[in-house]
Structures are given as structure tokens and as C-alpha cells.
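Student: What follows is a predicted structure for the sequence shown.
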Amino acid sequence: MGVGDVPFLSPKRRKSAQIHEGEAAQIGKTAMEEGLLSVDKFSGGSQVYFMTHLHQDHTRGLGAAGGWRHGPLYCSPVTARLLPTRFPGIDASLIRPIAPGESAPLSLSSPTSGRIFSLHVTAIPALHCPGSLMYLFRGDLGCMLFTGDFRWELGCEEARSAKKALLEALAGDSVDVLYMDNTYCHPTLNFPPRHVVAEQIVNIIRAHPDHEVIIGVNNLGKEDLLLHISIALQTKIWVWPQRLLTVHLLGIDDNREIFTTDTSLTRVRAVPRYSLTIATLEALNTVCPTIGIMPSGIPWLWRSSEGQAKSSGKSPAKSITYGGQGSGIGTIETDYDPLSPPKLFEKHSYALPYSDHACFAELEDLMQTVRPSVVVGIVRTPSCYANPRHHFSHFFGDEVCADKAPVENSGHNGSLAPKRRPSGSRRRRMIKISRATFYRSRVTRKRKDFCGARITEPEEPIGVA
């Protein structure tokens, strides 16, 4: 999640970082101005670009005046099919579809020295939304995994296949830097599998046979949930016109038996997430009985650390503290335990933890699988940063654990020494990470998000012993 024209009803986040490599990396060294490649960061300055998925928070810069002209853009075939509908000005000749499991060679040239860097990128299924990918980079720049937003549910066959694909792509190599979706990086944040929550939503709808039902969703994602509701209740689902186009481009419901834009054909409607509010529900209930359902890992009724209620919050709140050394501390009070049964928050509204982001147990499983030398959370709220190293210190040595969380880029860069590679490998690296400046803006009183990473040329050649 991140930048987009469509605001969300959850705490907003900024994801951005720059990676610099070289044995002689030192604190305070000037970063290279030019990038080699960028992930979910489309501000220019790189030679090749990668998009993890088409949620608007991961597409900042693509909609600039004149269309996208900065360089080749890798994405999944699904994303490539949807891109022209979201960004009509994009140059189609620059799109490079890469299917899950496929690899592509890259040859990048230093804009200053002319040095050539060779690497391979492999696309891994992220299972966040249709077309979502992780990217594994291996070669002269080391071994780096950028997860983007993902959810690999424990026990899920698709997740097992994705993990197998990742391990095969690693071929026994170790991950130097892991950029990880740390949206729910706290031990209290463990959610049921999506299919369990989907059935809970069906039961809520069944319990309100005389009510209209509105479900808050994004422009892309949660299609499986809507399909489950339609099949279980033998009903059509209303969606807005752009959403219907997306469904058809995904190859879902080609016979138009499930989704419709005719409100007279169904009492169940999927609406833009930002439009599902307490005020909207109260207004609708003056016309006919209506309930709202928000399927989201983060409760859509939450309280900030300053204690200003975002809802009436009649029920006791559960306090969760986020933070890490050097990152600031923030507290979010949630109105429910994600593992508890569905709960009515207001008179007409339900929120259920149907999450497309990995919960804590799934993050821990990924850490156990790849055991990176360095892990960087790609999610930062305006008030706090959930530092993965704080919660997964048992995967690292003392030196890495003691390192501070990435800080605002004010001219200070921190050096991190990754673990040694497995015996038989002669290369040793120092990896320097500088966190780009974090900033925020507002759209209809909701904070936008910013995301991405730019990988720049090593400041010094990588030494080979």
C-alpha cells in the first residue's frame, strides 16, 4: 500500500529506501545520484524499473504529464494487461511482462564510470492481489529480495508453491538485503486465513436477510472474497463500472453471471473502500436497512496514539505499541482482537480481518526461510516504524540486532555488515542503507502513501578475496 488517488481507511505509510553496496562503505559517504534500477519508485533517474503490483500506492510517478518515458518497466502479465486502463499515456513499448517463476538477465551501466553490472531478476508470486510479484535480484549487486505487499498464508498450497519457487531461484545463495512488507509486524497481529474470514462474512450477510449490504474494497484485489460471497449466497455482486472493467480484464466472469452494475439485481454491493463510512451508512439507513462490511487487517475504526477517537469506540480498546530504536514510538488502539469472532462496531458496521498482507506468523516464516543478512521494513506510518529487526532479532547476530532502525535521510547513512556467506563462497560485502526523506500529503483528509526502492551503483567495486 502507498501513494494513490484513492485514499484508504487505515494508518498511512511511506515506503522508500536506497541501497548502496561496496566493501568500503562508510558512514556519511555521499550517495550516488544516479540509480541503476528502481522498484515501485517511478521518479526517474534509473535505467530499469519494476512494479510489484497495480495498487495506486505503488505507482507514484507513472501518471506524470506526458506519460511514462523513463525506461523499461517490468511487471506481471496481469499488471501489463491492466496498465493501459489506469495509465493511458504509458508507452506500451517500454512494458516488459515477466511471469511468476520467470527470470530475466539485466546488464546495467554505471553512468559515471561506465562499469557494467550483470544480474538476474526472478519474479516470485506475492499472492497479495492479482498480478502481484516479489522480485529477487542476484548478481554483481549482491542478492536482494523485495517482497512488495504479500501474503503467504501458512498451509496454503499457493504459498507453498511460491516459497518453493523462491528457494529454487536462490539456488542455495543467501539473501543480503530483504525489503519486507512489515504492515503487521507485531506479535499480536495474527489473522485467520482468508477463506475462514470469507465464511464469517457470508454468515453475517445471511444473518441480515432484509438488509442491503455494502462491502468496501479497493480498485484491485479481494476478487476471491466477492466470488466466494456470490457462490455461497447464489447472488450477483454490484460493482462500479471501473471495477467491472477490471474484473473482465482479469478474465473473471466472462459470461457476466456474477458481477453487475445494475443495482436492481442484487442487495450486495462492493463499493470503493473510501466511500464506506459511518456517515454513509447512517444516510443509507434512512432509506432502507443497510449494513457495511470492511474486510481489512487493520480495523477501519481505530484510535491514534494521541488518544483522539476516530470512532465512537464504545468497546474497550486493545493497545498495540510499534517502534524501534531511533524510529520513534507510536501506539494504535484497536477495538477488537483479530482472532475473535466478527464484531459489530457501530449500529450498522462490521470490520473483519480479511487481510491481503502477511500477518506476524507469516512474516516470521519468511524470515526463517530466507534468513537475510539485513532486513528493512518497507512500511512506515507517519508516527511510527515497526522495525522487523526488533521482533526477529533471533535470526541475526548481536551486531545486526544492535543496529538502529533506518532514520530520516538528513545526511546520515548507517553501515551494516551482513553475515558471511555459506562456506565455499569467497565474497564478503558491506551493505549501506540510507532511508530517503519521508513526507506526506493529504487527499480528502486521508494520507497518501509513498513507496519504492532505488538500487544504485556500488560506491567502490565489490572485492573478491
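Tutor: Received, thanks.
Student: Tell me where the stretch 51-200 of the chain has helices.
Tutor: For the stretch 51-200 of the chain, the helices defined by DSSP state H, counting those that start in this stretch cover 77-86, 157-170, 194-206.
Student: Residue 139 reaches residue 120, doesn't it?
Tutor: Yes. Here residue 139 reaches residue 120: they are 5.8 Å apart, a contact under Cβ atoms under 8 Å. (C-beta placed from N, C-alpha, C; glycine too.)
Student: Pick out whichever of the two has more residues nearby.
Tutor: Just comparing residue 139 and residue 120: by other Cβ atoms under 10 Å the higher neighbour count belongs to residue 139, 16 against 13.
Student: Residue 64: which of the helices of the stretch 51-200 of the chain is closest?
Tutor: Closest to residue 64 of the helices of the stretch 51-200 of the chain is helix 77-86 (Cβ to Cβ; 13.3 Å).
Student: residues making contact with the closest one?
Tutor: 51, 53-54, 56, 59, 62, 75, 90, 92, 95, 97, 99, 130-131, 133, 220, 242, 245-246, 249-250 (Cβ atoms under 8 Å, 6 or more residues apart in numbering).
Student: Out of those, name the ones that lie in strands.
Tutor: 75, 95, 97, 133 (DSSP state E).
Student: Between which two of those is the distance greatest?
Tutor: Taking Cβ to Cβ as the measure, the ones in strands among the contacts of helix 77-86 span a maximum distance of 13.9 Å, between 95 and 133.
Student: Now for the two: what residues contact both?
Tutor: Residues touching both residue 95 and residue 133 (Cβ under 8 Å, 6+ apart) are residue 75.
Student: ok, the two, which is more surrounded?
Tutor: residue 133 (29 against 19).
Student: Do I have it right that the more buried one meets residue 99?
Tutor: No. Residue 133 is beyond contact range of residue 99, at 9.1 Å (criterion: Cβ under 8 Å).
Student: Tell me, please, where in the stretch 201-350 of the chain the pLDDT is lower than the cut-off.
Tutor: Counting by pLDDT under 70, the stretch 201-350 of the chain contains low-confidence ranges at 298-346.
Student: where do the strands sit along the stretch 151-300 of the chain?
Tutor: 177-180, 212-217, 237-238, 259-260, 268-272, 290-295 (DSSP state E, counting those that start in this stretch).
Student: Next, format those as JSON lines and append mean neighbour count.
Tutor: Output for the strands of the stretch 151-300 of the chain, formatted as JSON lines (neighbours: other Cβ atoms under 10 Å):
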{"stretch": "strand 177-180", "mean neighbour count": "25"}
{"stretch": "strand 212-217", "mean neighbour count": "23"}
{"stretch": "strand 237-238", "mean neighbour count": "25"}
{"stretch": "strand 259-260", "mean neighbour count": "20"}
{"stretch": "strand 268-272", "mean neighbour count": "19"}
{"stretch": "strand 290-295", "mean neighbour count": "24"}
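Student: any chance of those in JSON lines, with distance to residue 357 too?
Tutor: Output for the strands of the stretch 151-300 of the chain, formatted as JSON lines (distance: least, Cβ to Cβ, whole Å):
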{"stretch": "strand 177-180", "distance to residue 357": "11"}
{"stretch": "strand 212-217", "distance to residue 357": "15"}
{"stretch": "strand 237-238", "distance to residue 357": "23"}
{"stretch": "strand 259-260", "distance to residue 357": "25"}
{"stretch": "strand 268-272", "distance to residue 357": "19"}
{"stretch": "strand 290-295", "distance to residue 357": "12"}
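Student: closest one to residue 225 among those strands?
Tutor: Smallest distance to residue 225 across the strands of the stretch 151-300 of the chain (Cβ to Cβ): 6.1 Å, for strand 290-295.
Student: quick one: which of the strands of the stretch 151-300 of the chain is nearest residue 395?
Tutor: Of all these, strand 177-180 comes closest under Cβ to Cβ, at 10.1 Å.
Student: picking up where we left off before, highest mean neighbour count out of the helices of the stretch 51-200 of the chain?
Tutor: helix 77-86 (a mean of 19; mean count of other Cβ atoms under 10 Å).
Student: about what we covered before: mind listing the shared neighbours of residue 133 and residue 99?
Tutor: 76, 123.
Student: Count the residues that sit near residue 227.
Tutor: 17.
Student: what about the residue lying closest to it once chain neighbours are set aside, distance to residue 294?
Tutor: Closest residue to residue 227 apart from its sequence neighbours, by Cβ to Cβ, 6 or more residues apart in numbering: residue 258 at 6.7 Å. Residue 258 sits at a distance of 21 Å from residue 294 (criterion: Cβ to Cβ, to the nearest Å).
Student: Next: residue 203.
Tutor: 16 Å.
Student: does residue 125 really touch residue 99, like I thought?
Tutor: No. Distance between residue 125 and residue 99: 9.7 Å, which falls outside the contact criterion (Cβ under 8 Å).
Student: just the buried members of the contacts of helix 77-86?
Tutor: The neighbour count (16 or more other Cβ atoms under 10 Å) marks 51, 53-54, 56, 59, 62, 75, 90, 95, 97, 130-131, 133, 220, 246, 250 as buried among those.
Student: which one of those residues sits closest to residue 104?
Tutor: residue 97 (10.2 Å).
Student: The closest one against residue 76, yeah?
Tutor: Yes. Counting by Cβ under 8 Å, residue 97 touches residue 76, with 6.8 Å between them.
Student: Now for the two: what residues contact both?
Tutor: Contacts common to residue 97 and residue 76, judged by Cβ under 8 Å, 6+ apart, are absent.
Student: Now do stretch 363-377, average pLDDT.
Tutor: For stretch 363-377, mean pLDDT rounds to 94.
Student: same check, this time on stretch 103-119
Tutor: Rounded mean pLDDT across stretch 103-119 is 89.
Student: Any buried residues in it, and which?
Tutor: Those would be 106, 108, 110, 111, 117, 119, for stretch 103-119 by 16+ other Cβ under 10 Å.
Student: Please apply the same query to stretch 263-281.
Tutor: In stretch 263-281, counting by 16+ other Cβ under 10 Å, buried: 266-274, 276, 278, 280-281.
Student: Please go through the chain and pick out the longest strand.
Tutor: Counting residues, the longest strand found in the chain (DSSP E) is strand 116-125.
Student: Mind listing the strands that one pairs with, and their directions?
Tutor: strand 103-109 (antiparallel), strand 133-139 (antiparallel) (DSSP bridges).
Student: Would you convert these into JSON lines that also reports distance to residue 174?
Tutor: Shown next, in JSON lines, are the strands paired with strand 116-125 (distance: least, Cβ to Cβ, whole Å):
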{"stretch": "strand 103-109", "distance to residue 174": "18"}
{"stretch": "strand 133-139", "distance to residue 174": "10"}
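Student: doesn't residue 42 make contact with residue 63?
Tutor: No. Counting by Cβ under 8 Å, residue 63 does not reach residue 42; the two are 9.0 Å apart.
Student: was I right about the residue nearest to residue 227 contacting residue 229?
Tutor: No. In this structure residue 258 lies outside contact range of residue 229 using Cβ under 8 Å: 9.6 Å.
Student: okay, these two: which has more neighbours?
Tutor: Each of residue 258 and residue 229 has its neighbours counted (other Cβ under 10 Å); residue 229 has more, 22 against 19.
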